[in-house]
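# coords below, sequence missing:
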């Protein structure tokens with residue numbers, strides 16, 4: 001008959017419990033960092049979209065565009081500035097924020113920029129050598145490119161959070177708590193070809 005050493009079994013169980021507790025703690029901390037990364041990327045995306053809309057509004061109000069084009073850009077930029085990222089939890093502006101259905105508004109601004117800032121229009125604006133207009137055009141281009149990068153970073157972070165949250169240990173031990181599952185942000189953020197140069 002095999003004798004069972006109580007001390008060895010107890011030691012093995014304690015080591016197993018400590019290892020499991022460490023793994024759960026590590027997984028929860030990693031998931032928390034990933035959620036924070038998503039929230040930070042959302043804030044960066046929001047900031048770049050606000051900069052793009054402000055520069056577009058500045059260009060529309062500069063008086064160098066024909067009235068119909070200026071009105072189209074001003075309407076789209078104003079709508080973009082009025083729609084902000086939603087923050088359901090007032091005490092923490094990062095916790096739980098989401099894009100709030102802004103995709104259509106931001107896509108409309110991209111379409112207005114593409115329709116208005118054609119090759120001919122941009123070359124005509126640059127010929128005037130107006131510093132204010134050149135600055136607005138460069139700010140539109142740089143913020144649009146940064147918004148595209150921020151959207152990609154956000155979507156990559158969302159994909160990583162979803163991958164980790166799909167693991168059985170996260171689901172079984174409810175390591176995500178009550179945090180909402182983050183969503184990807186998809187909209188047309190194509191920069192007008194005339195500004196891409």
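Structure's in. What do you need? Quantities reported herein were computed from a predicted structural model and do not represent experimental measurements. Numbering: from 1, shown residues only.
# how many neighbours does residue 110 have?
Neighbourhood size, residue 110 [other Cβ atoms under 10 Å]: 21. In short, each C-beta sits where N, CA and C put it, glycine included.
# wait, it touches residue 151, no?
No - counting by Cβ atoms under 8 Å, residue 110 stays clear of residue 151, with 11.6 Å between them.
# and the most centrally placed residue in the chain, what helix or strand is that in?
Nearest to the geometric centre of the chain sits residue 42, at 3.3 Å (Cα atoms, centre = their mean). According to DSSP states H and E, residue 42 maps onto helix 6-60.
# packing partners for that helix?
Contact partners of helix 6-60 among helices and strands, from 3 or more Cβ pairs under 8 Å, 6 or more residues apart in numbering; DSSP states H and E: helix 67-82, helix 103-116, helix 131-165, helix 168-172.
# quick check: mean pLDDT of that helix?
For helix 6-60, the mean per-residue pLDDT is 94.
# ok so, going back, test my guess that the residue nearest to the centre of the chain contacts residue 100.
No - here residue 42 does not reach residue 100: they are 10.3 Å apart, not a contact under Cβ under 8 Å.
# please name every helix or strand in contact with the helix or strand of the chain with the lowest mean pLDDT.
Sorting the helices and strands of the chain by mean pLDDT, DSSP states H and E puts helix 119-127 at the bottom, at a mean of 90. When contacts are defined as 3+ Cβ pairs under 8 Å, 6+ apart, helix 119-127 packs onto helix 131-165.
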